[in-house]
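Student: When you get a sec, could you give me coordinates for this:
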Amino acid sequence: MSMVNFQYADRRLSLRDKNRIKSLVALIFKKEKVAMGGLNYVFCSDAYLLDINRRFLQHDYYTDIITFGLSEEGMPVEAEIYISVDRVQENARELGISFREEMLRVIFHGALHLCGYRDKKKAEVLLMREKENSYLRLYEKSLVRG
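Tutor: Below is the predicted model:
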């Protein structure tokens, strides 16, 4: 089993370079000095993620990502990360960026949460964006190198 898996609930996702994306997620953990066990990214619809948000978090709104850490304190990170393909498409449209860029940002965002980054306060949001941008640039550089 790969340490980073992509699975599909009720939405398919066609992303080029899936293995390169998975490698960059693993690199995030390495650079942030956090031990990674196994991560399952599950791609789904707005309706699917809304149901999870209501059932497990008691939140009644759409979101692009929900991350569930499953490991014990001090153990390598094991997690399930649910991403709404619908919400990412909508956000990309609203932001005027490509679906691919927004999906990569959300995938990296989930990994950064698991590395301890938060995004509730303004300063935390700024740091999270800085980290996401840094890893997006690193990913783009990896494409150029081959």
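
Student: Only C-alpha atoms from now on, for both contacts and neighbour counts.
Tutor: Fine.

Student: List of residues touching the longest helix along the chain?
Tutor: Looking across the chain with DSSP state H, the single longest helix is helix 122-145. The contact list for helix 122-145, computed with Cα atoms under 8 Å, 6 or more residues apart in numbering, reads 21, 24, 28, 104-105, 108-109, 112, 117-119.

Student: let's see it at 10 Å
Tutor: By Cα atoms under 10 Å, 6 or more residues apart in numbering, the surrounding residues in contact with helix 122-145 are 17, 20-21, 23-25, 27-28, 101-102, 104-113, 117-119.

Student: For the residue nearest to T63 when sequence neighbours are not counted, give me phi and psi.
Tutor: The spatially closest residue to T63, leaving aside those adjacent along the chain, is R87, at 6.7 Å (Cα to Cα, 6 or more residues apart in numbering). When read as degrees, to the nearest 10, the backbone of R87 gives phi -70, psi -40.

Student: just the buried members of the contacts of helix 122-145?
Tutor: Taking 16 or more other Cα atoms under 10 Å as the criterion, what is buried in the contacts of helix 122-145 is 21, 24-25, 28, 102, 104-112, 117-118.

Student: List the buried residues for the helix or strand containing Y41?
Tutor: Under the criterion of DSSP states H and E, Y41 resides in strand 36-44. Across strand 36-44, burial judged by 16+ other Cα under 10 Å covers 36-44.

Student: Which of these sits closest to I97?
Tutor: I97 lies nearest to F43 out of the buried residues of strand 36-44, by Cα to Cα, at 19.7 Å.

Student: Identify the residues contacting the closest one.
Tutor: If a contact means Cα under 10 Å, 6+ apart, then F43 has 6-13, 49, 65, 81-86 as its contacts.

Student: tell me the pLDDT at it?
Tutor: If you check F43, the pLDDT there is 98.

Student: If it is in a bridge, with which residues?
Tutor: Counting by DSSP bridges, F43 forms beta bridges with Y8, I83.

Student: Just the pLDDT for the residue nearest to the spatial centre of the chain.
Tutor: The chain has I107 as the residue nearest its centroid, 2.4 Å off, counting by Cα atoms, centre = their mean. The model reports I107 with a pLDDT of 98.

Student: now do L57
Tutor: Predicted confidence (pLDDT) for L57: 94.

Student: sorry, back to before: which other helices and strands contact the helix or strand containing the residue nearest to the centre of the chain?
Tutor: If you go by DSSP H and E, I107 is part of helix 99-114. Contact here means 3 or more Cα pairs under 10 Å, 6 or more residues apart in numbering; DSSP states H and E; on that basis helix 99-114 packs against helix 18-31, strand 36-44, strand 65-69, strand 77-84, helix 85-95, helix 122-145.

Student: Done for today, thanks.
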